[in-house]
Each structure stands twice: as structure tokens, then as C-alpha cells.
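Novice: what shape does this take:
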Amino acid sequence: MEIAIKKHADGGSSLTCTRADGSSSWQNNPGQRGFFFALHDLTHYAVETTLGLDQGFYGLIASGWDIADTTGKGSRGGLPEQAVRAEHLVGLMDQERAGAVVWTAEQLNEQAGIYFEKAGRPVPPPLEDAALDRIRERMRDLFGQWTRLPAGETLRVAFPGD
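Specialist: Residues are numbered from 1 along each chain as shown. Next comes the predicted model:
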């Protein structure tokens, strides 16, 4: 699947995911919302490709889900465990990016344990320090590409990736 994130002149972005069969799902995020979601979507890519999650956000889109279905409130119902794991980790990485905190793998695992136990869901396998380093490295690379991208241009990556 091709993931294309277009940078708009107003700082916003649009995400288009084109599946192997040519079908697609897209979402437009104007202004500040789009600035946030471009980095959020790139964080999903870094997390899901690094950890090999094939049923995270992008895996669901690749398998035919519409972006709107990934809220867990659409016609497809609740999200699979991998998607919940990915969204939780991406949310923590968003907090880190906002400057609120820098998480260690141990702290991320502790947060995951608390969250998933409260939600009555199985606690995911622990995140290793080396995997967290690879996620952050991939995020830095993708964020750098996004920052350098001129308005009106599109950043394209393949899912599942390398």
C-alpha cells in the first residue's frame, strides 16, 4: 500500500492510502490539525513498521478498512489488539514529541500495563530498548523528510515498508 501525505500551504495535510488493488481511503486535515496529524500518521508508520504490526492503523487500511472505521466506532466495530497497542504507543510518542516527557522503554511498558489492565485487555509484549531506539530513529528520519518537504508536495512511503 502507498501512503501519501500531502503538505498544504496552510500548514495542514491530507493522507491518502492507496491499496494494492487501486482502492483508497483518504482524510483531509486543515491547518494546525493537519500539522499534528501528519506527524501522528508518520509516528504510526514508524511504530507499526518497526514492530511488525500488520493489524495496526495502516494494516487495517491495507486490508480494506476506511480511515473513518479506525475509530473503533464504525460499522467494522472494535479495533483488534494490535491496533489498540499501536494507538496507545503512538499517543505516548505524541506526548513525548510535544515535550511533555521522554519515556524509557520501561516507563512505556508500565504505562501500557496500567492502560490495558484498566481496559480489560491483554497487556502487549514489552517494548525493548532497541526497538524504541529504532522507532525514534525512523521518526527522526520521517519528520526530517516532512520538515524539508515544500508546501504542495507529497511524502510517499510504502506499507508494510522495509
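Novice: and the most centrally placed residue in the chain, how far is that from Ser24?
Specialist: Centroid check for the chain by CA atoms, centre = their mean gives His44 as the closest residue, at 1.5 Å. For His44, the distance to Ser24 (CB to CB, to the nearest Å) stands at 17 Å. Just so you know, the C-beta spots here come from the backbone N, C-alpha and C atoms, and that holds for glycine as well.
Novice: shouldn't the residue nearest to the centre of the chain be in contact with Gly59?
Specialist: No - His44 is beyond contact range of Gly59, at 10.1 Å (criterion: CB atoms under 8 Å).
Novice: which stretches of this protein form strands?
Specialist: For the chain, applying DSSP state E gives strands covering 2-7, 13-18, 24-29, 154-158.
Novice: with mean neighbour count as extra columns, can I get these in JSON lines?
Specialist: Shown next, in JSON lines, are the strands of the chain (neighbours: other CB atoms under 10 Å):
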{"stretch": "strand 2-7", "mean neighbour count": "20"}
{"stretch": "strand 13-18", "mean neighbour count": "21"}
{"stretch": "strand 24-29", "mean neighbour count": "16"}
{"stretch": "strand 154-158", "mean neighbour count": "15"}
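Novice: possible to save the ones you listed as TSV with distance to Ala112 and mean pLDDT?
Specialist: Formatted as TSV, these follow (distance: least, CB to CB, whole Å; pLDDT from 0 to 100):
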stretch	distance to Ala112	mean pLDDT
strand 2-7	25	98
strand 13-18	26	98
strand 24-29	27	96
strand 154-158	26	98
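Novice: could I get the ones you listed as a markdown table with distance to Thr104?
Specialist: Output for the strands of the chain, formatted as a markdown table (distance: least, CB to CB, whole Å):
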| stretch | distance to Thr104 |
| --- | --- |
| strand 2-7 | 29 |
| strand 13-18 | 30 |
| strand 24-29 | 31 |
| strand 154-158 | 27 |
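Novice: and those: which comes nearest Asp94?
Specialist: strand 24-29 (14.3 Å; CB to CB).
Novice: Asp69: neighbouring residues, count only.
Specialist: Around Asp69 sit 17 other residues, with neighbours defined as other CB atoms under 10 Å.
Novice: that one against Gly78, yeah?
Specialist: No - in this structure Asp69 lies outside contact range of Gly78 using CB under 8 Å: 10.6 Å.
Novice: joint contacts of these two?
Specialist: Jointly contacting Asp69 and Gly78 under the rule CB atoms under 8 Å, 6 or more residues apart in numbering is no residue at all.
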